[in-house]
Structures are given as C-alpha cells and as structure tokens.
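Student: What follows is a predicted structure for the sequence shown.
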Amino acid sequence: MNDSIVPITAPQPTTRADGWRLFEVFVRPRRGLSHSHVGSIHAPDAHMALKNARDLYTRRQEGVSIWVAAASDITASSPDERDSFFEPAGDKVYRHPTFYDVPEGVQM
Amino acid sequence: MYGATFGEDESQVRETVVDTDGQARFDRLIADDSRIEPRDWMPDAYRQTVIRQIAQHAHSEIIGMQPEGNFITRAPSLRRKTILLAKVQDEAGHGQYLYSAMETLGMSRDEAMDLLHQGRHKYSSVFNYPAVTWADMGAVGWLVDGAAIVNQVALCRTSYGPYARAMIRICKEESFHQRQGYEALHVLSRGTEEQRRMCQDAINRWWWPALMMFGPPDTQSSHTAQSMQWKIKRHTNDELRQKFIDMSVSQVEVLGMTFPDPDLAWNAERGHYDYGQIDWDEMYRVVKGDGPCNTKRIEHRNQAHNEGRWVREASNANAAKQAARALGEAAA
C-alpha cells in the first residue's frame, strides 16, 4: 500500500469545506527536551493554528515552545509496511552493548 | 468528563472489509495489551464503537459547559468566578482533545458537530438536568466530575492510543474540577441554616443522576461485553459505579450531609456499600430525549454555533489577507 504521503494521524481529508486545515501540534515541555506530538488543531492558517494550539495545549504552562505543521505536509511510514520497513535492523544485535562479553572484573 | 456510552447514535455503520492479516495483527495487539494506533488496520465495528464513544464523550464536554457557564455571572465572589471560568474553559479544551482523537478514526469534527446539532449524536444525560442554585455548582464539580474521573481514570488504559492519551491529559486537569466543587460545598456546609439546606438540596438532586452516568447495569448494557473484549473498556459500568459510591460516602460524611438513599449501608461481607435501586426508567427517558433540559441544551448549542459564525468568517478573512500580503511582499 503506497500511502507514504498520508498524514500521520488522519485518514480523513485534511482540509475542511470552509478551507480550515488540520495542523499537528508539537510542544517542547521545557528547555533541554525535544518537541513532542500532543494532538492536532484546525485553523485557517499556520499563524492562527499556533495561537489556537497555545490556548488548547498549554493552559497550564505545559510548554516553552510550540511547532505546528500542516498534517498534509507530514510524510509518515506506513504501518502496513512496518515489518519490511524496519526489518534491516532486526538482525543486527551487535549494535547493542549487551552483545559483547566483557571479562569478569572489568568495569565499563 | 464522562466517557461512558449513552446509547446508539443514528450515524451509519460502514461495511466491513475483511483483511485476515490485519485482523490477526489487530487481535495480537489487543491480546498483548498493546495499543491500536490511527493508521493500523482495525475491524470496522471497533472503529465505529470507538468513534461513537469518543464523540459522545467530546459532546458531553461541550454540552457540559452550559450548566456552569450559566453561573459565571452569578458566582458569589471573584475567586469563585475565576475558578468557574477556568473550569468551563477546560471543558471546552477537553472536548477539543477528544475531537482531535476522534478525527484520527476518520470522522471529521464538522460531521460530529453537525450530528450533535441535529440531535443525532448523544451526550451524557446528566446535563439534561437543570442546575438551579449556586450549590449545584459545588455538587456538579464534586459528584458529576467525580463520577467522570472514576470513568476516565479507567479509560487511560483504553486500547485506542489517541483516546488513552487524551484521557491521561484530561484526568490531570480534571482533579481540580472535583476539588473546587467539594470545597464550594464544604463552605456552604459550614454556613447558615439556609446555606446548609441549599447544600443538601443540591446533593439530593445530583446524587442519582451522577450514579446514572456510569450507564445501564451490566445485565442491560449492550456494548459492555464486546468493548471489554476489545479492551476499549477495562471495567464494567457496575464496577465503576460501586467504586464511586464507596469513595463518596466518607466525603459526604465530612460535609455533615447525606445521600438521598435509605438503602445505602456498608456491607462487610462484600466489602462495599450496598445501595438502593436506581430508576433506570428515568435514565432511559432522559437518554431518549425526555429530560428536563434536552431541548434547551441543543437549542443553546446551535445558537452558540450560529452566533460564532462571524468569528470563523473573520478568521478566514484574516488568513486570506495575510496570505495576500505575503504574496505581495514576495513579488515586490
């Protein structure tokens, strides 16, 4: 199934009849942490999406920074291709430290 | 708040497309206690059930603003007014988190709102009871939000990922709702004789509707078995109702008030409180549209939606103007 341009959360059209688009919202909870996805919001443009996201997702100082991205601009991997897509990492156990034996008594 | 289902909506159930690989993977995820995420294959009946439950839950938040919104201008102090404003704003926010989760399943916000406005989608029946005195604001916060929290804490582990995440966020915000209600009643309970009477009267009127919020008894709940199997629900209606009753008894005692149920008594053998017969006929009557405020709530919702049209139009005009300006600057 080739749906790599389907937005990450939405199977439905991402633009409404009145022209409002769906934006995904990402919040950085505090300095030192990455932005995390918190939900979505509809707005006529990105600027208003940002303001609406502030009112909706940070009513209790949950963030110091917000990103909004039009859902239609986000490219996501497909859950149907999950096995083949992530398969290359499946047999590379030597990428983990637990693969290695360390002589007894050695502190690492 | 809320999160029980309140009966069948009129929206169409779509035809199932059978996908045996998808079904096997779905079954495995459920069996492993994992979460279903938006773009996973899922049975249509699961999708429709979750859509119905989230939509009813979201609508309950939105309609739930009305009884308290009505008291914002009547709050007895500035402190109470700011609290009530924050609470009503939270309910709007909770509705939005839930619509956002619902949309990941393929029903748009507009479609759900239209169905609500047409009376074809349900919401929690508890809001079809009137809030008539200031003490009702306390009773609603304590009992109605309290019952909702019991429901919602259970839903934090529901199998649909976006719904569970919305619930976690809502539960964090909700605990102030219950506390402020209890605090308001506690103040009244230490007040004048008239204030004490008002407090007891509000408790009397909200106790039974709060118990009905958990939905019909397990023996009559048409969705419970399937929803438990899909781990949408983790506890039955009666289990959650019992939990709420057990918690509430000591709280009402601290207020020096009582619940309007002569059969309410500790049962040492069961380790729970026994309680009297809930008037299920009344619950079904209110669910079907014959409660004291059903018509008023939907009319008011439609009015608010229509009167807010100019705001949406102004937002569009502003977006168009900003876009045109940006285009002009790019050309210059």
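Tutor: That came through fine.

Student: hey, where'd the helices end up in chain A?
Tutor: Counting by DSSP state H, chain A has helices at residues A:46-57, A:82-86.

Student: among those helices, which gets the worst mean confidence?
Tutor: Out of those, helix A:82-86 stands lowest, with a mean of 80 (criterion: mean pLDDT).

Student: Give me the residues contacting that helix.
Tutor: For helix A:82-86, contacts defined as CB atoms under 8 Å, 6 or more residues apart in numbering or on different chains pick out A:77, A:78. For the C-beta atoms, the positions are set from N, CA and C on the backbone; glycine is no exception.

Student: got it, and stretch A:45-60?
Tutor: So stretch A:45-60 is contacted by A:21, A:23, A:25, A:27, A:38-39, A:41-43, A:63, A:66, A:68, A:70, B:89-90, B:93, B:96-97, B:173, B:315, B:318-319, B:322-323 (CB under 8 Å, 6+ apart).

Student: Single out the most deeply packed of the helices of chain A.
Tutor: helix A:46-57 (a mean of 18; mean count of other CB atoms under 10 Å in any protein chain shown).

Student: Just the CA atoms of that helix, as CSV, please.
Tutor: Extracted as CSV, the C-alpha positions of helix A:46-57 are listed here (Å, rounded to 0.1, in the frame of the first residue of the first chain):
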residue,chain,number,x,y,z
ALA,A,46,-0.5,28.3,10.4
HIS,A,47,-0.3,31.6,12.4
MET,A,48,-3.7,31.1,13.9
ALA,A,49,-3.0,27.4,14.4
LEU,A,50,-0.1,28.4,16.6
LYS,A,51,-2.3,30.7,18.7
ASN,A,52,-5.1,28.2,19.0
ALA,A,53,-2.6,25.5,19.9
ARG,A,54,-1.3,27.8,22.7
ASP,A,55,-4.8,28.2,24.1
LEU,A,56,-5.6,24.5,23.8
TYR,A,57,-2.4,22.7,24.7
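
Student: Selecting buried members of the contacts of stretch A:45-60 in PyMOL, what would you type?
Tutor: What follows is the PyMOL syntax selecting those of the contacts of stretch A:45-60 that are buried according to 16 or more other CB atoms under 10 Å in any protein chain shown:
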select buried, (chain A and resi 21+23+25+27+38+39+41+42+43+63+66+68+70) or (chain B and resi 90+93+96+97+173+315+319)
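
Student: so what's the residue most central in space within chain A closest to, chain neighbours aside?
Tutor: In chain A, the centroid-proximal residue (CA atoms, centre = their mean) is residue A:37; its distance is 5.1 Å. Using CB to CB, 6 or more residues apart in numbering or on different chains and skipping the chain neighbours, the partner closest in space to residue A:37 is residue A:26 (5.5 Å).

Student: what about that neighbour, neighbour count?
Tutor: Residues lying near residue A:26 (other CB atoms under 10 Å in any protein chain shown) number 19.

Student: pretty sure it contacts residue A:66?
Tutor: Yes. Contact criterion CB atoms under 8 Å: residue A:26 and residue A:66 qualify, at 7.0 Å.

Student: Run the chain-centre distance for the helix or strand of chain A with the lowest mean pLDDT.
Tutor: Counting by mean pLDDT, DSSP states H and E, the weakest-scoring helix or strand in chain A turns out to be helix A:82-86, with a mean of 80. Put simply, helix A:82-86 sits 18 Å off its chain's centre (CA atoms, centre = their mean, to the nearest Å).

Student: Please apply the same query to stretch B:295-305.
Tutor: For stretch B:295-305, the distance to the chain centre is 18 Å (CA atoms, centre = their mean).

Student: and chain B, which residues reach chain A?
Tutor: Applying CB under 8 Å from any CB of the partner chain, we find that chain B lies next to chain A at B:37-41, B:89-90, B:93, B:96-97, B:100-101, B:103-110, B:162, B:166, B:173, B:312, B:315-316, B:318-319, B:322-323.

Student: hmm, try it at 7 Å
Tutor: Within chain B, the residues that sit near chain A (CB under 7 Å from any CB of the partner chain) are B:38-40, B:93, B:96-97, B:100, B:103-104, B:106, B:108-110, B:312, B:315-316, B:319, B:322-323.

Student: Relative to residue B:252, how far out is residue B:118?
Tutor: Look at residue B:118 and residue B:252: by CB to CB, to the nearest Å, they are 39 Å apart.

Student: Check residue B:42 too.
Tutor: Taking CB to CB, one finds residue B:42 at 42 Å from residue B:252.

Student: Of these two, give the one with the bigger neighbour count.
Tutor: residue B:42 (25 against 20).

Student: Test for you: state the pLDDT assigned to residue A:97.
Tutor: Looking at residue A:97, its pLDDT reads 91.

Student: Kindly report the same for the one 10 residues further on.
Tutor: What the model reports as pLDDT for residue A:107 is 86.

Student: In contact with residue B:51, which residues?
Tutor: Neighbour list for residue B:51: B:102, B:105, B:107 [criterion: CB atoms under 7 Å, 6 or more residues apart in numbering or on different chains].

Student: Helix, strand, or coil at the last one?
Tutor: Pointing back at residue B:107 there. Look at residue B:107: counting by DSSP: H, G, I helix; E, B strand; the rest coil, its state is coil.
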